[in-house]
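# Take a look and give me a structure for this.
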Amino acid sequence: MNIEFATKINDLIQANQLDAAIDISEKELRQLPKTEFYKLIGWDQTSDAEALADQVNIFYNAAAENIKTVGALYCEMNGFTINYDMWYVEFFAFTKFQGLDDLDWLADFDYNNLDLGVAFTGIEEILAVFKDYMENERWNDSVQKSSFEIAEILVILRVQQLFREAAKIARSKKQSWINIPFLMTAHDYDLIYNVTGH
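Numbering: from 1, shown residues only. The predicted model follows:
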C-alpha cells in the first residue's frame with residue numbers, strides 16, 4: 001500500500017469527506033498510464049443502499065436479541081484484493097463503544113452472525129481486474145503496482161460511500177442502528193469510517 005497516499009485519504013475519511021477522498025483517488029489513478037484498474041473510476045454501488053440499510057437493521061435487531069445492549073457496530077469487508085471470487089461484508093456487534101485510539105477491541109465482539117452478512121453482486125468485471133492482477137503477478141510492473149495501490153483504497157472508499165448512503169436511508173426510516181457508533185473498513189486496513197457519526 002502507498003502509505004503516504006493512504007494517510008492523506010484517511011485524514012479525509014476521519015473528516016467525513018468521502019466524496020473528496022474519492023475524487024482525489026480517481027484523479028490520482030487517471031494521472032497514471034491506463035490499466036484495467038481504470039474500470040474503478042466512476043464505479044458506484046449506492047443503488048444497493050436501501051437493501052443494505054435493511055440488512056444492517058436485521059443484524060442490529062438480531063444482536064439486540066442476543067446481547068444485553070448494542071453499544072456499537074462494526075462492519076468489515078473481506079480481504080478483497082486476494083479474494084476476487086466474492087466480495088462481502090460481515091457485521092459485528094459490541095455492548096460498548098471503545099473509541100478509535102486503540103482498535104484492538106474490534107477483535108473482541110459480543111455478537112456476530114455469518115448468515116446476516118452481505119455479498120456484493122453485479123461486480124464481476126471489477127473482480128476480474130483484481131484476479132488478473134494477482135494471478136498474473138502484475139505487481140512486477142511499476143505502473144500496475146501503483147494503479148493497484150490506488151484502486152485498493154478506492155474500493156474501500158466506494159463501499160464506505162455505500163454505507164453512508166445506507167445510513168441516510170436508515171435515518172429516514174428511523175432505524176435504531178443509526179443512533180450508535182458504526183465503524184466500517186476492510187480486513188487488514190486502518191481506513192476506518194464512522195458510518196453514523198457517533
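# Next, the contact list for residue 50, please.
166, 169 (C-beta atoms under 8 Å, 6 or more residues apart in numbering). Any C-beta I mention is one placed from the backbone N, CA and C, and that applies to glycine too.
# In three-state terms, label it for me.
Three-state assignment for residue 50 (DSSP: H, G, I helix; E, B strand; the rest coil): helix.
# And the one 5 residues further on, by the same measure?
Here residue 55 takes the helix state, with states given by three-state DSSP.
# give me the element the nearest residue to residue 112 once chain neighbours are set aside is part of.
Spatial nearest neighbour of residue 112, excluding adjacent residues (C-beta to C-beta, 6 or more residues apart in numbering): residue 92 at 5.1 Å. Assigned by DSSP states H and E, residue 92 belongs to strand 88-94.
# Tell me the gap between the following helix or strand past that strand and the middle of its chain.
Downstream of strand 88-94, the first helix or strand assigned by DSSP H and E is strand 111-112. Counting by C-alpha atoms, centre = their mean, to the nearest Å, strand 111-112 is centred 18 Å from the centre of its parent chain.
# what's strand 111-112 packed up against?
If you count contacts as 3 or more C-beta pairs under 8 Å, 6 or more residues apart in numbering; DSSP states H and E, strand 111-112 packs onto helix 49-66, strand 88-94.
# Serialize those to CSV and add fields for mean pLDDT.
Converted to CSV, those look like this (pLDDT from 0 to 100):
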stretch, mean pLDDT
helix 49-66, 97
strand 88-94, 97
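# and of these, who's closest to residue 146?
Nearest of the helices and strands packed on strand 111-112 to residue 146, taken as C-beta to C-beta: strand 88-94 at 26.9 Å.
# same for that closest one, what does it pack against?
If you count contacts as 3+ C-beta pairs under 8 Å, 6+ apart, strand 88-94 packs onto helix 49-66, strand 72-77, strand 111-112, strand 118-119.
# Can you check what angle separates it from strand 72-77?
Strand 88-94 runs at 160 degrees relative to strand 72-77, counting by axes from the mean of the first three to the mean of the last three C-alpha atoms, to 10 degrees.
# Flag every buried residue along strand 88-94.
Applying a neighbour-count criterion of 16 or more other C-beta atoms under 10 Å, one finds 89, 90, 91, 92, 93, 94 buried in strand 88-94.
# quick one, longest helix in this structure?
For the chain, the longest helix by residue count, based on DSSP state H, is helix 142-172.
# how far out from the middle of the chain is that one?
Using C-alpha atoms, centre = their mean, the offset of helix 142-172 from its chain centre is 6 Å.
# following that helix, which helix or strand comes up?
Per DSSP H and E, the first helix or strand lying C-terminal to helix 142-172 is strand 182-186.
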